[in-house]
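1. structural data only, the sequence is not supplied:
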């Protein structure tokens with residue numbers, strides 16, 4: 001078998017229909033577009049806003065300014081880093097959302113608390129918060145502390 005012997009499978013390739021090339025081609029004169037009307041003209045179809053008398057799609061959508069919208073169920077966390085914990089808490093103390101609020105480390109007490117891993121952990125603490133990053137958990141446990149998640 002040589003390169004010039006290669007041919008595609010039968011039926012896998014189909015010649016395109018050449019429209020508007022005379023009556024013998026079967027698609028002459030109107031070229032399959034019918035006689036009159038919007039579909040027979042060049043550049044037919046109008047624009048995306050036009051929907052033939054219906055209220056256009058864009059006007060049916062609720063009106064919202066700006067890029068997209070704010071997700072309604074978004075959760076905002078109070079972020080606390082390890083360097084803040086080791087600065088404000090002594091060894092073997094309990095770190096809870098209430099204790100963090102008393103130390104003025106939270107922005108909004110209603111939001112859940114997440115501990116992030118910036119800084120080094122020098123004291124062993126008992127941390128009870130809603131979320132802890134993997135790096136922060138490793139550093140707390142390496143320093144001899146414990147991590148417990150609040151539901």
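-> Structure's in. What do you need? For clarity, every value in this text was computed on a predicted model and none was experimentally measured. Numbering: from 1, shown residues only.

2. pLDDT weak spots in this protein?
-> For the chain, applying pLDDT under 70 flags the ranges 64-68.

3. which parts of it are helices?
-> Here the chain has its helices, by DSSP state H, at 57-60, 82-88, 97-102, 134-142.

4. would you mind finding the most buried of those helices?
-> helix 82-88 (a mean of 18; mean count of other CB atoms under 10 Å). Heads up, the C-betas are built off the backbone N, CA and C, glycines and all.

5. which other helices and strands does that one contact?
-> strand 113-116, helix 134-142 (3 or more CB pairs under 8 Å, 6 or more residues apart in numbering; DSSP states H and E).

6. let's have the ones you listed in JSON lines, adding distance to residue 107.
-> Converted to JSON lines, these look like this (distance: least, CB to CB, whole Å):
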{"stretch": "strand 113-116", "distance to residue 107": "10"}
{"stretch": "helix 134-142", "distance to residue 107": "18"}
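
7. residue contacts, the residue nearest to residue 96 when sequence neighbours are not counted?
-> In space, and not counting its chain neighbours, residue 96 is closest to residue 128: 5.0 Å by CB to CB, 6 or more residues apart in numbering. Remark: with contacts taken as CB atoms under 8 Å, 6 or more residues apart in numbering, residue 128 is in contact with 94, 95, 96, 148, 149, 150.

8. so the last one sits right up against residue 132, yeah?
-> So the one you mean is residue 150. No: using CB atoms under 8 Å as the test, residue 150 is too far from residue 132 to be in contact (10.5 Å).

9. between these two, point out the one with more neighbours.
-> residue 132 (21 against 11; other CB atoms under 10 Å).

10. pretty sure that one contacts residue 147?
-> Yes: counting by CB under 8 Å, residue 147 is a contact partner of residue 132 at 5.4 Å.
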